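In: From the sequence below, what's the structure:
(one chain, ligands or ions: 2)
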Amino acid sequence: MPSKDYYKVLGVDKSASQDDIKSAYRRLAKQYHPDLHPDDKACAEKFKEINEAYSVVGDPDKRAKYDRGEMDMDGAGAGFNPFGGGSGGFTATGFDDIFDMFSDAFGFGGTSRRRRAQQNVGSDIAQRIELSFMESVLGCKRPISFTRTEKCPSCNGTGAKDEAHVHTCDKCGGSGQVRRVQNTIFGQQISVGACDKCGGTGRIVTENCKACGGRGTVTRNKVINVSIPAGVENGAVLQLAGEGNAPKNGGRNGNLLLEISVKPSAVFKRDGFDLHVTVPVSFMTAVCGGQIEIPAPDGVFIHNLAEGTANGETLRFRGKGIRSQRGMAGDLYVEISVEVPKGVSRSQKKALEQFENDCTLKNYSKRREFLDEIAKLYK
Ligand SMILES: [Zn+2]
Ligand SMILES: [Zn+2]
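Out: Ligands and ions are numbered 1, 2, ... in the order given. Sure, this is the predicted structure:
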């Protein structure tokens with residue numbers, strides 16, 4: 001079970017409606033908004049907690065999962081979100097989305113955006129990965145090569161030749177922000193914006209770093225080995241937090257987003273964690289029973305097909321479907337497709353005629369019932 005009780009965090013009952021949860025979240029978020037309590041760490045922590053809680057129980061799907069105890073609070077190991085676009089796990093991106101919604105809802109837009117600019121987050125990098133069907137089922141390791149900006153090692157991201165060439169901006173006094181007072185028909189309006197002299201960094205560089213030309217970042221080709229979790233679905237987006245671009249002027253890296261594209265299988269069809277497979281079986285095996293080969297994620301296994309198995313019968317093998325990293329396992333459904341032999345020789349036909357002559361109505365109970373029913377129709 002998850003360690004945190006998100007309902008408690010939001011101060012609502014477990015049976016609260018989505019609307020109740022939303023209004024509780026808004027009330028609390030407003031109360032603990034960091035803009036209203038600058039430099040209050042406890043408040044900031046509480047605000048984060050509220051957002052985390054709302055990112056789960058504020059979404060009906062995630063809430064249902066959470067209620068069933070299926071949310072993985074550790075974010076599936078490597079900060080991944082393997083099961084479908086945007087479900088499970090908390091990410092910086094998710095947090096920002098909520099932040100946006102929040103800003104719009106309360107008119108804190110200006111200040112939040114400033115706060116975010118201060119936080120300075122690099123951009124995300126998106127990349128598509130093609131997986132074979134079996135790779136998606138079993139999981140795999142993949143080297144991912146991409147190009148990203150990294151903090152310039154020569155200047156440590158400052159963009160300056162050395163410390164002596166970095167000065168505090170005299171216009172904003174190093175805060176990166178300036179107040180503007182405007183007289184309008186509604187009276188005096190004070191707005192706070194990024195300092196135009198230093199671009200909001202609070203610093204003036206008098207001589208640029210030669211390695212990065214003052215950008216503070218350099219472009220690098222990067223290869224990382226990514227573990228793709230078993231059971232990943234087509235269209236899922238894996239998020240590798242902090243593997244994206246480094247921002248200019250220092251700050252937090254963006255994320256690397258890997259969109260999974262799974263090639264369809266000629267053998268298996270997938271339905272959630274269940275697998276479906278159609279196994280062609282010879283006419284003789286269907287009649288007399290016998291061994292058939294059934295493919296499963298961990299290899300082919302032999303099954304003794306019962307005597308007299310009809311075309312279209314479906315066998316279910318529990319737990320032989322897709323096994324997720326969280327230990328859930330789907331089922332394997334095997335549809336029997338009896339193949340009627342084609343192009344039989346004269347002697348084969350003779351043998352079959354002999355066989356048919358030996359058959360009694362007992363061998364064809366369905367056909368006998370059917371003939372009886374039609375006879376009744378035309379009495
Ligand atoms: Zn540099
Ligand atoms: Zn400035």
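In: Helix or strand: which one has Ile302?
Out: Element membership for Ile302 (DSSP states H and E) is strand 299-305.
In: Okay, now the sheet partners of that strand, with direction.
Out: With DSSP bridges as the test, strand 299-305 is paired with strand 290-296 (antiparallel).
In: Averaged pLDDT, the strand it pairs with. What do you get?
Out: Throughout strand 290-296, pLDDT has a mean value of 97.
In: And for stretch 12-21?
Out: Mean predicted lDDT for stretch 12-21 stands at 89.
In: In that stretch, which residues have enough neighbours to count as buried?
Out: Neighbour counts using 16 or more other C-beta atoms under 10 Å place 12, 16, 21 of stretch 12-21 among the buried residues. Where C-beta positions appear, they are placed from N, C-alpha and C, glycine not excepted.
In: List the buried residues of stretch 316-327.
Out: So, applying 16+ other C-beta under 10 Å, buried residues of stretch 316-327: 317, 320-325.
In: Nearest to ligand 1, out of those residues: which one, please.
Out: Distances from ligand 1 to those, taken as C-beta to the ion, are shortest for Gln325 (40.5 Å).
In: does Thr285 count as helix, strand or coil?
Out: helix (DSSP: H, G, I helix; E, B strand; the rest coil).
In: so which of the buried residues of stretch 12-21 also contact ligand 2?
Out: For ligand 2, no contacts are drawn from these by C-beta under 5 Å from the ion.
In: Reformat the residues you listed as CSV; add secondary structure and distance to ligand 1.
Out: Output for those, formatted as CSV (DSSP: H, G, I helix; E, B strand; the rest coil; distance: C-beta to the ion, whole Å):
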residue, secondary structure, distance to ligand 1
Val12, coil, 50
Ala16, coil, 52
Ile21, helix, 47
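In: Let me know the closest of the residues you listed to Gly139.
Out: Ile21 (34.5 Å; C-beta to C-beta).
In: What average pLDDT does the biggest helix by length in the chain get?
Out: The longest helix of the chain (DSSP state H) is helix 41-57. The average pLDDT within helix 41-57 is 86.
In: Please state the offset of it from the chain centre?
Out: Relative to its chain's centre, helix 41-57 lies at 22 Å (C-alpha atoms, centre = their mean, to the nearest Å).
In: Stretch 11-29 too?
Out: On C-alpha atoms, centre = their mean, the centre of stretch 11-29 falls 26 Å from the chain's centre.
In: Please name the bridge partners of Thr278.
Out: Glu335.
In: ok, and for the host helix or strand of Asp61, which residues are buried?
Out: Asp61 is located in helix 60-67, with elements delineated by DSSP H and E. Within helix 60-67, the residues scored as buried using 16+ other C-beta under 10 Å are 62-63, 65-66.
In: And stretch 332-343, by the same measure?
Out: 332-334, 336, 338.
In: Any chance of CSV for these, columns pLDDT and distance to Glu353?
Out: Converted to CSV, the buried residues of stretch 332-343 look like this (pLDDT from 0 to 100; distance: C-beta to C-beta, whole Å):
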residue, pLDDT, distance to Glu353
Leu332, 98, 39
Tyr333, 98, 37
Val334, 98, 33
Ile336, 98, 26
Val338, 97, 20
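In: wait, which of the residues you listed is closest to ligand 1?
Out: Using C-beta to the ion, the buried residues of stretch 332-343 come closest to ligand 1 at Leu332, 56.3 Å.
In: Quick check on that closest one: phi, psi?
Out: Main-chain dihedrals, Leu332, degrees, to the nearest 10: phi -110, psi 120.
In: and stretch 194-214, how far apart are its ends?
Out: Using C-alpha to C-alpha, to the nearest Å, the end-to-end distance of stretch 194-214 comes to 19 Å.
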